[in-house]
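S.K.: task: produce atomic coordinates for the following.
(one chain, ligands or ions: 1)
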Amino acid sequence: NFTPNAFVEEVVAEMKAKIGNDKVVLGLSGGVDSTVAAVLLNKAIGENLYCIFVNNGLLRKNEFQNVLNQYKGMGLNVKGVDASARFLDALAGLDDPEAKRKAIGKAFIEVFDDEAHQLTDVKWLGQGTIYPDVIESVSATGGPSATIKSHHNVGGLPDFMKLQVVEPLRMLFKDEVRRVGRSLGIDEELLGRHPFPGPGLAIRILGDITAEKVAILQEVDAVFINGLKEHGLYDKVWQAGAILLPVNSVGVMGDERTYEKVVALRAVESTDGMTADWVHLPYEFLMKISNEIINNVRGVNRVVYDISSKPPATIEWE
Ligand code: XMP
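M.R.: Next up is the predicted model:
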């Protein structure tokens, strides 16, 4: 029987003993796991925990600033690093999904390594690894950190990966992480956030990425997600988002013919992301969101709803 309070007490004591007066660096993603791991480490070692939150420019609208403020409000010692331009450069001209993922993974590692180098005497790398990640990486490559390593298999490991690893959540399942987060007083809204992929909007913009496309998709996505929240639908959906398609379609506005972008909306029910069903969102809701997008987001004149389940259609379009 898992009791969050007892877990917190135990793991904090354990980390205090293990880490002592050493410094720890940890990358925050805005997700539940890294946040809970950071709050636990902060409880154990305070200012000796150095958190880094990178803006890859592919997050949701206003997300970087909002989440960074939330982190600061929690008392975390966090540095926000806006590396949007660097990621956009790394993505320039790429349209293959795997090439985009690789470029983003590589850029992240470079940015994080640069930041880690600015801290002196760091001995540990904190990570929000949870039990299912441990199983996955052990079976895939025989060791932890496999997900990061797979992005960086050229020219040896960056220095931060040679640090000793501390993973306070490595024995927990997702629901237990949420319960621990709750007992630590972390905001319910943060704990209940939909999953969001590491490569962010880059894998929801089909084809090549430009700053303009990112801006359009951020607006569309914000209309959809805010609408779900306002209509009490957000918590009934496991994951939702918008996809910018690489096609234009004809429309009319006043007396003018338009030839603009098409966006798809996707909302799924799932328990682990391995299988998923599309959600039967109310027609009235979809109508309202579609109108709001077309009336307010310049450059988009058509909205479609994705009615495909996984398998075979993956949750992300890329
Ligand atoms: P798919 O598209 O494979 O997605 O059905 C299943 C879940 O995984 C997320 N996803 C990713 N997460 N890096 C991530 O961190 C990725 O490259 C990636 N691709 C998919 C997706 O958002 C969904 O929750």
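S.K.: quick check: residues of the protein near the ligand?
M.R.: R101, P195, P197, G198, P199, Q239, G273, K310, T314, I315, E316 (CB under 6 Å from any ligand atom). Yep, even glycine has a C-beta here, placed from its N, CA and C like the rest.
S.K.: give me the buried subset of the residues you listed.
M.R.: Using 16 or more other CB atoms under 10 Å as the burial test, the residues of the chain next to the ligand include R101, P197, G198, P199, Q239, K310, I315, E316 as buried.
S.K.: now do the buried residues in stretch 260-279.
M.R.: For stretch 260-279, by 16+ other CB under 10 Å, it's 260-268, 270, 276, 278-279.
S.K.: which residue is the nearest non-sequential neighbour of I104?
M.R.: P199 (4.7 Å; CB to CB, 6 or more residues apart in numbering).
S.K.: from what I can see that neighbour touches R101, true?
M.R.: Yes - contact criterion CB atoms under 8 Å: P199 and R101 qualify, at 5.3 Å.
S.K.: if I've got this straight, L190 is in a helix?
M.R.: Yes - counting by DSSP: H, G, I helix; E, B strand; the rest coil, L190 falls inside a helix.
S.K.: what's near enough to touch it?
M.R.: The contact partners of L190, by CB atoms under 8 Å, 6 or more residues apart in numbering, come to V32, T35, Q70, G181.
S.K.: got the end-to-end distance for stretch 17-37?
M.R.: End-to-end span of stretch 17-37 (CA to CA, to the nearest Å): 17 Å.
S.K.: from N56, how far off is the most centrally placed residue in the chain?
M.R.: Nearest residue to the geometric centre of the chain (CA atoms, centre = their mean): F196, 4.0 Å. To N56, F196 is 12 Å away according to CB to CB, to the nearest Å.
S.K.: rewinding a little: out of the residues of the chain next to the ligand, flag the one nearest to M253.
M.R.: Taking CB to CB as the measure, M253 lies nearest E316 of those, at 31.0 Å.
S.K.: how many residues are close by the residue nearest to that closest one when sequence neighbours are not counted?
M.R.: Among residues not flanking E316 along the chain, I203 sits closest, at 5.1 Å (CB to CB, 6+ apart). By the measure other CB atoms under 10 Å, the count of residues near I203 is 22.
S.K.: you'd agree I203 is up against A99?
M.R.: No - using CB under 8 Å as the test, I203 is too far from A99 to be in contact (11.3 Å).
S.K.: returning to what we had before: so of the buried residues of stretch 260-279, which ones are in strands?
M.R.: E260, K261, V262, V263, A264, L265, R266, A267, V268, W278 (DSSP state E).
S.K.: now render the buried ones among the residues of the chain next to the ligand as JSON lines, adding secondary structure.
M.R.: Listed next are these as JSON lines, based on three-state DSSP:
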{"residue": "R101", "secondary structure": "helix"}
{"residue": "P197", "secondary structure": "coil"}
{"residue": "G198", "secondary structure": "coil"}
{"residue": "P199", "secondary structure": "coil"}
{"residue": "Q239", "secondary structure": "strand"}
{"residue": "K310", "secondary structure": "strand"}
{"residue": "I315", "secondary structure": "coil"}
{"residue": "E316", "secondary structure": "coil"}
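S.K.: can I get the residues you listed in TSV with distance to D187 and pLDDT?
M.R.: Formatted as TSV, those follow (distance: CB to CB, whole Å; pLDDT from 0 to 100):
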residue	distance to D187	pLDDT
R101	30	97
P197	22	96
G198	22	95
P199	25	97
Q239	19	98
K310	30	97
I315	25	98
E316	26	98
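S.K.: which one of these is nearest K162?
M.R.: Nearest to K162 among those, with distances taken as CB to CB, is G198, at 22.0 Å.
S.K.: now do the helices in the stretch 101-250 of the chain.
M.R.: Assigned by DSSP state H, counting those that start in this stretch, the helices in the stretch 101-250 of the chain fall at 131-141, 146-151, 174-183, 188-191, 211-230.
S.K.: redo these as JSON lines? Include mean pLDDT and distance to V12.
M.R.: Shown next, in JSON lines, are the helices of the stretch 101-250 of the chain (pLDDT from 0 to 100; distance: least, CB to CB, whole Å):
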{"stretch": "helix 131-141", "mean pLDDT": "77", "distance to V12": "19"}
{"stretch": "helix 146-151", "mean pLDDT": "44", "distance to V12": "25"}
{"stretch": "helix 174-183", "mean pLDDT": "96", "distance to V12": "11"}
{"stretch": "helix 188-191", "mean pLDDT": "94", "distance to V12": "19"}
{"stretch": "helix 211-230", "mean pLDDT": "98", "distance to V12": "33"}
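S.K.: nearest to A17, of those helices?
M.R.: Between the helices of the stretch 101-250 of the chain, helix 174-183 lies closest to A17; by CB to CB that is 19.2 Å.
S.K.: what sits up against that closest one?
M.R.: 2, 4-5, 7-8, 32-33, 35-36, 39-40, 130, 132, 169, 172, 188, 190-192.
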